[in-house]
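Novice: Only the shape, not the letters, is given here:
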């Protein structure tokens, strides 16, 4: 009888541990990240999972940070991008994706608005991405120097897709990846939703610029949802980025008057 009682207690403890929710929090790329995992039996430890996600965030921050002078992006910008530049596979993969989004949106999504957004010296006119060339998978140049690039309109969406894929591969089947409230991936009931929200103004500053007319004063918001399934997991990063891009472009749909 005593043995049976101990067995009941052990089973109850095991079940309570398996259904306990997990919340992981990080700060990266100027954003608070929150990963919520619903109660379930995990195939990896919380410590291992947190370390992996932290390394992923650090890798993207070191590659694409606008703020860190040591990032790969800022290093390439200082070299000048009209000469052939060797870059990491990650940087070139995302750069190619941005060129594709530029074409798909007829130039409404343009990372070369970074020159205006970051107030580069001299001419700040976006040069567009039609002049972007690749000599091989890791070597690129622009026909005209963009001076500054900004990946802010797609990168967090891309990354919530990357992290969702990692969580699914770890055996997790109910979770939320939240990048500052503006980009989320939500997996539940064997499907995933990518949600992106964009606003042209943040804290009173113009956060999204029109590539065709960067002087336009805009005050719009947009929200996009894209649904997918586990069988398309290899495309989750792209779909997360696409939701981010679509919400960014949607804020530019209505024109306003030039800023004085």
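Specialist: Noted; the coordinates are in hand. Computed from a prediction, not measured in an experiment: that's the story for all the values here.

Novice: Just give the closest residue to residue 82, not the sequence neighbours.
Specialist: Distance criterion CB to CB, 6 or more residues apart in numbering; nearest residue to residue 82, sequence neighbours excluded, is residue 145 at 4.7 Å. C-beta here means a position set from N, CA and C on the backbone, and glycine is covered the same way.

Novice: what sits against that neighbour?
Specialist: Counting by CB atoms under 8 Å, 6 or more residues apart in numbering, residue 145 touches 80, 81, 82, 127.

Novice: now swap in residue 44 and tell me
Specialist: With contact set as CB under 8 Å, 6+ apart, residue 44 has these partners: 170, 171.

Novice: Just the pLDDT for it.
Specialist: Predicted confidence (pLDDT) for residue 44: 75.

Novice: mind checking which helix or strand it is in?
Specialist: Assessed by DSSP states H and E, residue 44 sits outside every helix and strand.

Novice: what do you get for residue 50?
Specialist: Element membership for residue 50 (DSSP H and E) is helix 46-64.

Novice: where in the stretch 1-150 of the chain is pLDDT low?
Specialist: Under the criterion pLDDT under 70, the flagged ranges of the stretch 1-150 of the chain are 1-19, 40-43.

Novice: how about 90 then?
Specialist: 1-21, 39-46, 67, 116-120, 123-124 (pLDDT under 90).

Novice: and the helix holding residue 50, what other elements does it pack with?
Specialist: Judged by 3 or more CB pairs under 8 Å, 6 or more residues apart in numbering; DSSP states H and E, the packing partners of helix 46-64 are strand 22-28, helix 72-79, helix 89-104, helix 155-169.

Novice: Which one, of these, ends up nearest to residue 122?
Specialist: Among the helices and strands packed on helix 46-64, helix 72-79 comes nearest to residue 122, with 13.4 Å by CB to CB.
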